[in-house]
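*Asks:* how does the following fold in three dimensions:
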Amino acid sequence: MKVTKVTCHVLQSKVEKPFVSARGWRYTTRSSCVVEIETDAGITGWGECYGPAAVNKALIETQHAPRVVGRDPFDVEVVWEDLYNRIKDYGAQGFSITALSGIDIALWDIMGRATGKPIHKLIGGAHRTQIMAYATGLYFIDMDRLVEEAVEEAQGYVADGFRAIKMKIGLGDPALDLRRVRAVREAIGPDVKLAVDANHCFTVPQAIQLGRAMEGLDLLWFEEPISPEDHDGYALVSQALDMAVAGGENDFTRWGFRDIIAKKAMDIVQPDVCAAGGISEMRKIATLASAFGVECVPHAWGSAIGLAATIQFIAALPDQPPAFRPMPPMLEFEQTPNPLRDELAREPIRQVRGMVRVPEGPGLGIEVDRDVLMKWKTA
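*Replies:* Numbers count the residues shown, from 1 in each chain. So this is what the prediction gives:
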């Protein structure tokens, strides 16, 4: 079996109710670069790239795709090394790796479809048949009702069955952040897990100060408190706080995570399968984390394709650590409006009472609806 064609689809949809994170960016659209790889056996695989879709499309079409056509999809690690070494002189992080991630996921999807097995079977088997999902939301929308809207949204997720929530912080006013987090904690009660995400908006002293103020609120983790480049700063924050510090969605490949994990700069690493290097590289990052006693809880943001790839990967992650009553890795199930997540798969991925079933179908375990693909395709 050989690859015959690599096609990039840029998908985009408008956000009806724009939202804001700590970076100050106003999200008005949701977009994705979806990678379609065809073979001479009539088998097609799907992947997704994290980040601005048009840039990923240009990188794949000009750099990666010509080197993938004619290759055997089962040589996925060989292809990965070839593509990485071809582009690492120009950037061993960022877009060159996000583009590579989409290709890698699609090749794993092809292998699964060719063998009739889900990806989790190909990478070692499933430790679980369903995964606990946490709802990511509670962005900033109504600036006059920041506390009230957060409470209402969190209560809605609990009513929908979620047993874990991640909320955004980083309003430029630590007292307001603390009041907002405390209000959400009181509204959802002690039995619903709660994490906070600052989208790397704080300095080290600010993160430590706010982190200490939040320590009595029983938080799962403090995500991306500071800039992703500052690994030494992460170590300082982690050592100063009696709560887990998480990060890594903006880091790439085993080399990008090596020093973070070895120095335990973070208690939890959050590589994204659509960004960090695909399924192939996620396996190496998770193994490295396990060797150093660092948890791996993947980040997820994108369409149904990226979500399905994340589920397949998490299914194959062992409990960290193994225990009589372990805390298995959870699935980030982002909840802002996104038809690319909710409509692209013929059978949408859903949570029931806070749990998401691991698909048993071949490859990613989903079928892409081409009518929906064309509905949202812009390039």
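*Asks:* most centrally placed residue in the chain?
*Replies:* Ranked by distance to the mean C-alpha position of the chain (C-alpha atoms, centre = their mean), the top residue is residue 300 at 1.9 Å.
*Asks:* could I get the pLDDT score of that residue?
*Replies:* At residue 300, the model reports a pLDDT of 97.
*Asks:* buried stuff in the longest helix seen in the chain?
*Replies:* In the chain, assigned by DSSP state H, the helix with the most residues is helix 95-115. By neighbour count on 16 or more other C-beta atoms under 10 Å, the buried set for helix 95-115 is 95-114. For every residue, glycine as well, the C-beta is placed using N, CA and C.
*Asks:* what do you get for stretch 313-333?
*Replies:* Buried, per 16+ other C-beta under 10 Å, within stretch 313-333: 313, 314, 315, 316, 317, 320, 328, 329, 330, 331, 332, 333.
*Asks:* pLDDT-wise, what's the bottom of those?
*Replies:* For the buried residues of stretch 313-333, the weakest pLDDT value sits at residue 320, with 83.
*Asks:* wait, it touches residue 295, no?
*Replies:* Yes - under the criterion of C-beta atoms under 8 Å, residue 320 makes contact with residue 295 at 4.8 Å.
*Asks:* shared neighbours of the two, which are they?
*Replies:* residue 329 (C-beta atoms under 8 Å, 6 or more residues apart in numbering).
*Asks:* which of the buried residues of stretch 313-333 lies closest to residue 161?
*Replies:* Closest approach to residue 161 among the buried residues of stretch 313-333 (C-beta to C-beta): residue 333, at 11.0 Å.
*Asks:* list the contacts of the closest one.
*Replies:* The neighbourhood of residue 333, defined by C-beta under 8 Å, 6+ apart, consists of 133, 134, 135, 136, 162, 300, 307, 351, 356.
*Asks:* what's the answer for residue 212, then?
*Replies:* By C-beta under 8 Å, 6+ apart, the contact set of residue 212 is 240, 241.
*Asks:* now it: which helix or strand?
*Replies:* Using DSSP states H and E, residue 212 sits in helix 204-214.
*Asks:* could you pull out the buried residues of that helix?
*Replies:* Neighbour-count burial for helix 204-214 flags 204, 206, 207, 208, 210, 211, 214 (criterion: 16+ other C-beta under 10 Å).
*Asks:* so where's the stretch 51-200 of the chain uncertain?
*Replies:* Scanning the stretch 51-200 of the chain for pLDDT under 70 picks out nothing.
*Asks:* now the helices for it?
*Replies:* Using DSSP state H, counting those that start in this stretch, the helices of the stretch 51-200 of the chain run over 53-59, 65-68, 76-87, 95-115, 119-122, 146-159, 174-188.
*Asks:* so which of these is the most packed in?
*Replies:* The highest mean neighbour count among the helices of the stretch 51-200 of the chain, using mean count of other C-beta atoms under 10 Å, belongs to helix 95-115: a mean of 27.
*Asks:* tell me what that helix is packed against?
*Replies:* Counting contacts by 3 or more C-beta pairs under 8 Å, 6 or more residues apart in numbering; DSSP states H and E, helix 95-115 packs against strand 26-39, strand 44-49, helix 53-59, helix 76-87, helix 119-122, helix 278-291, helix 304-315.
*Asks:* quick check: angle from the last one to helix 278-291?
*Replies:* Compare the direction of helix 304-315 with that of helix 278-291 by axes from the mean of the first three to the mean of the last three C-alpha atoms, to 10 degrees and you get 30 degrees.
*Asks:* do the fourth one as well
*Replies:* Helix 76-87 and helix 278-291 are oriented at 90 degrees to each other (the same axes, to 10 degrees).
*Asks:* buried stuff in the longest strand anywhere in the chain?
*Replies:* As assigned by DSSP state E, the longest strand anywhere in the chain is strand 3-20. Using 16+ other C-beta under 10 Å as the test for burial, strand 3-20 gives 3, 6, 8, 9, 10, 11, 13, 19, 20.
*Asks:* same question for stretch 275-292.
*Replies:* Neighbour counts over stretch 275-292 (16+ other C-beta under 10 Å) mark 275-286, 288-290 as buried.
*Asks:* what do you get for stretch 251-270?
*Replies:* 251-257, 260-261, 265-270.
*Asks:* from these, which land in helices?
*Replies:* Reading helices off these with DSSP H, I get 253, 254, 255, 256, 257, 260, 261.
*Asks:* how close does the residue nearest to residue 114 when sequence neighbours are not counted sit to residue 347?
*Replies:* Spatial nearest neighbour of residue 114, chain neighbours left out: residue 43 (5.6 Å); criterion: C-beta to C-beta, 6 or more residues apart in numbering. Distance of residue 43 to residue 347, given as C-beta to C-beta, to the nearest Å: 20 Å.
*Asks:* next one: residue 47
*Replies:* For residue 47, the distance to residue 347 - C-beta to C-beta - is 19 Å.
*Asks:* so the two - more neighbours on which side?
*Replies:* Neighbour tally, residue 47 and residue 347, criterion other C-beta atoms under 10 Å: the higher count belongs to residue 47, 32 against 12.
*Asks:* ok, now how distant is that one from residue 121?
*Replies:* 18 Å.
*Asks:* residue 199 now?
*Replies:* 35 Å.
*Asks:* ok, now how distant is residue 40 from residue 70?
*Replies:* 10 Å.
*Asks:* with residue 351 instead?
*Replies:* From residue 351 over to residue 70 the distance is 41 Å, taken as C-beta to C-beta.
*Asks:* could you report the pLDDT at the nearest residue to residue 237 once chain neighbours are set aside?
*Replies:* Take residue 237 and drop its neighbours on the chain: the residue closest to it by C-beta to C-beta, 6+ apart is residue 207, 5.0 Å away. We have a pLDDT of 98 for residue 207.
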